[in-house]
Every structure is written in C-alpha cells, then in structure tokens.
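>>> Got a sequence here, can you model it:
(one chain, ligands or ions: 2)
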Amino acid sequence: MGIKRIGLLGGSFDPVHLVHIALAETARKHLALDEVQLIPAANPWQRQALAASPEHRLAMLKLAIAAKPGLCINPLEIERGGKTYTIDTLEQLPQGAEYFWILGSDQLANFCSWHRWQDIARRVHLAVAERPGDDTQAPGPLQQILEQAGKSLVHLPFEASPVSASDIRRRLAQGLAVDGLLDSAVTQYIRQHGLYRATAA
Ligand SMILES: Nc1ncnc2c1ncn2[C@@H]1O[C@H](COP(=O)(O)OP(=O)(O)OP(=O)(O)O)[C@@H](O)[C@H]1O
Ligand SMILES: O=C(O)c1ccc[n+]([C@@H]2O[C@H](COP(=O)([O-])O)[C@@H](O)[C@H]2O)c1
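Residues are numbered from 1 along each chain as shown. Ligands and ions are numbered 1, 2, ... in the order given. This is a model prediction of the structure:
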C-alpha cells in the first residue's frame with residue numbers, strides 16, 4: 001500500500017452547504033484522495049462568534065455526508081476547543097500521509113494572515129477552488145514558500161459558485177427558501193432546532 005492521500009476541508013460550516021460537499025467530492029476525485037476529512041472549526045478567530053453551536057454544526061455535517069463515500073468528519077478542532085489555528089490541527093495529525101488543504105479562493109487570498117502560515121505551507125499541498133471575485137493565484141510570498149518546500153498549489157476544476165453560508169443564514173432569518181443550497185436533511189434539522197431565526201441571529 002502506498003502513502004495515504006488525505007484531503008482536509010476546514011470550515012465554520014455555519015451551516016454546511018451543498019457547495020462545501022461538492023468541493024470535497026471534486027477534490028477527492030481530482031486528486032485521487034483516499035478520503036476527505038471535513039474539519040469544523042471550534043472558534044475561527046478571524047470571525048465574529050458563530051451563529052450555531054459546535055454540537056449543531058457537527059450534527060448538520062453528519063447529515064450532509066451520510067451518503068457520501070470517501071467523506072468523513074474529523075472533530076479534533078471542536079475537541080481541542082479554544083481559538084482555532086490550522087497549524088495546531090496539522091501538528092496533531094498522524095505523520096506519514098500526504099495532506100491536501102482544500103480551500104476557496106477567498107481564503108487563499110487571506111492565507112498570509114493565518115497564524116504561522118509559513119509553517120502550514122511547508123506541511124500541506126493546497127487545493128483551491130475559485131469563488132467569484134477572488135484570484136486563484138497564490139500571493140507571492142506563499143508561492144515562494146510552497147516552492148521551497150516542494151508543495152503544490154492545485155487548481156480544482158470547480159465552477160465558481162456564489163453560494164455562501166452567510167447568504168444562507170440571511171435567507172433563513174428572512175424566511176426565504178433555501179432549496180438547492182442545503183441538503184434537505186440539514187434544512188429539516190435547522191427547522192427542527194429553530195436555528196438561524198431572526199431572533200437567534
Ligand atoms: N461557494 C464556494 N466556492 C468555493 N469554496 C467555498 C465556497 N463556499 C465555501 N467555500 C470554502 O469552504 C471553506 C469553508 O467555508 P465556510 O465554512 O467559511 O463557508 P462560507 O460559505 O465561506 O461561510 P461564510 O459565508 O459564513 O463565510 C473555505 O475554504 C471556503 O473558502
Ligand atoms: O489558522 C488560522 O490562523 C486560520 C485563519 C483563518 C482561517 N483558517 C481556517 O480556514 C478554514 C476556513 O475558514 P472560514 O473562516 O472561511 O470558515 C477553517 O478551517 C479555519 O480554521 C485558519
């Protein structure tokens with residue numbers, strides 16, 4: 001057996017939407033990954049407080065990947081708690097696998113503001129999907145470190161989609177339809193638990 005190839009898709013997942021799942025599946029196929037781990041953040045330090053609790057975000061992720069072979073959830077950031085720094089997560093993962101950090105081009109553009117971003121770039125390949133309005137080229141300093149470390153920046157064949165969790169939260173708060181944006185089991189969960197209502201937002 002060769003070295004395992006593992007995709008890592010970190011996110012707030014507040015809530016997980018269908019484009020997150022499409023992104024994970026595209027990366028899995030395109031990069032011939034053994035698995036893609038979805039990693040819900042405990043406390044993404046660059047954002048305001050999240051709307052849903054870690055338990056709810058985890059439960060929604062479980063519903064969204066229920067019938068998706070090759071996708072799984074790694075709850076280590078929620079278990080670790082505190083501010084979520086990706087480098088701490090990478091340092092906790094078992095050695096001996098080849099890791100691909102999957103991200104949208106908004107986060108690629110923001111990458112050099114991440115805690116110890118140089119150390120992240122020395123450890124993982126990056127797999128980027130275009131989001132409308134953001135460049136899929138790595139910022140110069142990031143490109144340089146990736147090259148020095150022998151890591152690649154892979155451009156995923158992914159049609160740019162304007163879907164975002166913040167737009168979905170806004171729609172839910174306004175009572176608008178979210179058909180085609182969320183897995184139907186996730187929509188049902190949100191309704192059952194009264195998440196993202198105007199008063200709770
Ligand atoms: N429509 C999309 N196209 C490509 N990548 C996406 C898309 N939506 C999210 N991602 C990527 O998935 C990862 C997790 O995203 P996150 O959970 O923050 O969702 P989001 O839709 O960006 O949420 P929010 O609107 O709250 O910022 C990030 O790397 C983000 O860039
Ligand atoms: O490590 C950091 O400093 C860092 C800064 C910003 C974002 N991230 C990670 O990038 C992923 C996407 O973040 P977000 O805010 O778009 O959900 C998620 O796993 C975050 O923990 C990580």
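
>>> anything in stretch 13-25 near ligand 1?
Yes - with C-beta under 6 Å from any ligand atom as the criterion, ligand 1 is reached by stretch 13-25 at 13-14, 19-20, 23. The way it works is simple: take the backbone N, C-alpha and C, and place the C-beta from them, glycine included.

>>> Hmm, I typed the wrong one, I wanted stretch 31-43.
No - using C-beta under 6 Å from any ligand atom, stretch 31-43 never reaches ligand 1; the gap is at least 7.8 Å.

>>> Send me that stretch as PDB with only the CA atoms.
The C-alpha trace of stretch 31-43 is given here as PDB (Å, rounded to 0.1, in the frame of the first residue of the first chain):
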ATOM      1  CA  LEU A  31      -6.600  14.400  -6.600                       C
ATOM      2  CA  ALA A  32      -7.400  10.700  -6.200                       C
ATOM      3  CA  LEU A  33      -7.600  11.100  -2.500                       C
ATOM      4  CA  ASP A  34      -8.300   8.200  -0.200                       C
ATOM      5  CA  GLU A  35     -10.600  10.400   1.900                       C
ATOM      6  CA  VAL A  36     -11.500  13.900   2.600                       C
ATOM      7  CA  GLN A  37     -11.900  15.000   6.200                       C
ATOM      8  CA  LEU A  38     -14.300  17.800   6.900                       C
ATOM      9  CA  ILE A  39     -13.000  19.700  10.000                       C
ATOM     10  CA  PRO A  40     -15.400  22.000  11.700                       C
ATOM     11  CA  ALA A  41     -13.600  24.900  13.500                       C
ATOM     12  CA  ALA A  42     -14.300  25.500  17.200                       C
ATOM     13  CA  ASN A  43     -13.600  29.200  17.200                       C
END
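
>>> what's the neighbour count on E35?
17 (other C-beta atoms under 10 Å).

>>> again, but for K4
When neighbours are counted by other C-beta under 10 Å, K4 comes out with 13.

>>> need the contact list for it.
Residues counted as contacts of K4 (C-beta atoms under 8 Å, 6 or more residues apart in numbering) are 34, 96-98.

>>> ok, it to ligand 2 distance?
20 Å (C-beta to the nearest ligand atom, to the nearest Å).

>>> Kindly state the pLDDT recorded for that residue?
pLDDT, K4: 97.

>>> what's the neighbour count on the residue nearest to H30 when sequence neighbours are not counted?
Among residues not flanking H30 along the chain, L156 sits closest, at 5.7 Å (C-beta to C-beta, 6 or more residues apart in numbering). Residues near L156, counting by other C-beta under 10 Å, number 19.

>>> From what I see, L156 and A127 are in contact.
Yes - counting by C-beta atoms under 8 Å, L156 touches A127, with 5.5 Å between them.

>>> Spell out which residues of the chain are next to ligand 2.
So the chain meets ligand 2 at 10-12, 39, 41, 44, 46-47, 84-86, 107, 114-115 (C-beta under 6 Å from any ligand atom).
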